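Participant: how would this look folded up:
(one chain, ligands or ions: 3)
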Amino acid sequence: MVMLAKPAIEQFSYIRNSRPTALFPQIPVVDLSKPDSKHQIIKACEEFGFFRVINHGVPMDFISRLESEATKFFSLPLCEKEKTGQPKPYGYGNKRIGPNGDVGWVEYLLLTTNQDPNLLRFLSGENPESFSLWFCYCRFALNNYMSAVKKMACEILEMIADGLKIQPRNVFSKLLMDEQSDSVFRLNHYPPCPDVQSLNGSNVIGFGEHTDPQIISVLRSNNTSGLQISLRDGSWISVPPDQYSFFINVGDSLQVMTNGRFESVKHRVMANGVKSRLSMIYFGGPPLSEKIAPLPSLTGGEQSLYKEFTWFEYKKSVYNSRLADNRLMHFARIAAS
Ligand SMILES: C=C1C[C@]23C[C@@]1(O)CC[C@H]2[C@@]12CC[C@H](O)[C@@](C)(C(=O)O1)[C@H]2[C@@H]3C(=O)O
Ligand SMILES: O=C(O)CCC(=O)C(=O)O
Ligand SMILES: [Fe+2]
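Facilitator: Ligands and ions are numbered 1, 2, ... in the order given. Below is the predicted model:
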């Protein structure tokens, strides 16, 4: 009998036991309305590179409007969604993540936050295709949401600068505020995965383990679980979903600028057998020409751990890598013995 090999895209990654390995460590929660929040943020960034934010000031209305627009988008027929073209890197993607063979049980829409005229012209098209119409209606909701989330990300970055006693306090936030800021916005949809139920004890990867390359990521999801983070000892813990909170990730660029005092958090998403997960993530990045290097006030007279590079150089290397690669390795200084 001839056995037909499954097409490559069907070969998802499975993890035999993706059950969290650490015993109930609490994910730090930062209440942004409290006067001591900057100290909590520093502690969380040092210990986890990750924390949950409450009293964040982003209007619930902006969140639910965009969530319902995103749900409408992912409900469009596949052929309509595919009209946005393969993500290069922006556009609609289905199961393939990035250009180097990573796959996951996910479909997504990746957008640049600066108004790339070619992309906008393309996305909002002249003809009344479903996607173009969706994008036209959705632009208002996208702009409201992204502006509010960017404002919150900048406030957090300013608290980080204060907490680390770095002057000026906008040293990080100015990179996101820059007109040329190379920030990205992503909508991820993880449909319920039938294989999760049928494969005894195995779990299907929704989005494989990785760190985010930018400065800071602000994630919000519906009430479906799946997100896991890796602790410093290499164990994994599940992040209980909370649709009213935001989750903050330290990115690789912040790791470099703090000379390793903060480490970017390794994270992944497991597919769910029953419920679909919808997440929206703002990745705050610097302008392409920006030089990324440890801040002199944080090296404390010691050698900096990383070579200086531009965000353009790092991004190029990111897009030549696989999700799980340690991308910063190539930019680390080898300590002199
Ligand atoms: C496999 C890839 C997808 C990714 C680019 C990369 O080559 C490696 C990093 C990936 C990542 C992870 C965080 C963000 O979701 C993302 C937009 C980013 O900046 O780096 C994705 C990239 C992507 O999906 O294009
Ligand atoms: O969808 C999620 O919850 C996380 C996805 C993620 O880590 C990413 O898109 O970089
Ligand atoms: Fe991520």
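
Participant: can you give me the buried ones in stretch 100-115?
Facilitator: Buried residues in stretch 100-115, counted by 16 or more other CB atoms under 10 Å: 102, 103, 104, 105, 106, 107, 108, 109, 110, 111, 112, 113. Placement of C-beta: from N, CA and C, glycine included.

Participant: beta partners of the first one?
Facilitator: With DSSP bridges as the criterion, the beta-bridge partners of residue 102 are residue 97.

Participant: enumerate every residue touching it.
Facilitator: 96, 208, 322, 323 (CB atoms under 8 Å, 6 or more residues apart in numbering).

Participant: tell me the residues of the chain that contact ligand 2?
Facilitator: 186, 188, 207, 212, 219, 221, 227, 267, 269, 279, 281 (CB under 6 Å from any ligand atom).

Participant: find the nearest non-adjacent residue to the residue in the stretch 1-150 of the chain positioned nearest to ligand 1, please.
Facilitator: Distances between the stretch 1-150 of the chain and ligand 1 by CB to the nearest ligand atom are smallest at residue 98, namely 2.3 Å. Among residues not flanking residue 98 along the chain, residue 323 sits closest, at 6.5 Å (CB to CB, 6 or more residues apart in numbering).

Participant: and what of residue 289?
Facilitator: Closest to residue 289 by CB to CB, 6+ apart is residue 310, at 6.0 Å.

Participant: so what's the one you found bridging to?
Facilitator: Under the criterion used (DSSP bridges), residue 310 bridges to residue 291.

Participant: touching, the residue of the stretch 1-150 of the chain closest to ligand 1 and residue 88? I think so.
Facilitator: No: between residue 98 and residue 88 there is no contact under CB atoms under 8 Å: 10.7 Å.

Participant: burial of the nearest residue to residue 330 once chain neighbours are set aside, as a residue count?
Facilitator: Among residues not flanking residue 330 along the chain, residue 317 sits closest, at 6.2 Å (CB to CB, 6+ apart). Counted with other CB atoms under 10 Å, the neighbours of residue 317 add up to 16.

Participant: which bits of this protein sit near ligand 1?
Facilitator: 89, 97-98, 100, 102, 110, 184, 186, 210, 212-213, 283, 318-319, 321-323.

Participant: ok, residue 98 and residue 88, which is more surrounded?
Facilitator: The residue with more neighbours, out of residue 98 and residue 88, is residue 98; 18 against 9, by other CB under 10 Å.

Participant: distance check, residue 227 against ligand 1.
Facilitator: Look at residue 227 and ligand 1: by CB to the nearest ligand atom, to the nearest Å, they are 13 Å apart.

Participant: the residue lying closest to that residue once chain neighbours are set aside: what's it in contact with?
Facilitator: Excluding the flanking residues, the one nearest residue 227 by CB to CB, 6+ apart is residue 239, at 4.4 Å. For residue 239, the contacting residues are 27, 50, 52, 225, 227, 228, 229, 247, by CB under 8 Å, 6+ apart.

Participant: so the last one: helix, strand or coil?
Facilitator: In this case it means residue 247. strand (DSSP: H, G, I helix; E, B strand; the rest coil).

Participant: partner residues bridging the closest residue to it other than its chain neighbours?
Facilitator: Closest residue in space to residue 247, ignoring its immediate chain neighbours: residue 219 at 4.4 Å, by CB to CB, 6+ apart. Taking DSSP bridges as the rule, residue 219 bridges to residue 247, residue 281.

Participant: residue 219 contacts residue 245, doesn't it?
Facilitator: No: with contact defined as CB under 8 Å, residue 219 does not count as touching residue 245 (9.6 Å).

Participant: common neighbours of these two, please.
Facilitator: Joint contacts of residue 219 and residue 245 (CB under 8 Å, 6+ apart) do not exist.

Participant: can you show me the helices along this structure?
Facilitator: If you assign secondary structure with DSSP state H, the helices in the chain sit at 37-47, 60-75, 78-81, 117-124, 130-163, 173-177, 194-198, 252-257, 296-299, 311-318.

Participant: format these as a markdown table; extra columns: mean pLDDT and distance to residue 233.
Facilitator: A markdown table is the format used below for those (pLDDT from 0 to 100; distance: least, CB to CB, whole Å):
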| stretch | mean pLDDT | distance to residue 233 |
| --- | --- | --- |
| helix 37-47 | 98 | 11 |
| helix 60-75 | 96 | 34 |
| helix 78-81 | 88 | 40 |
| helix 117-124 | 52 | 42 |
| helix 130-163 | 90 | 24 |
| helix 173-177 | 98 | 31 |
| helix 194-198 | 75 | 27 |
| helix 252-257 | 98 | 18 |
| helix 296-299 | 89 | 25 |
| helix 311-318 | 98 | 26 |
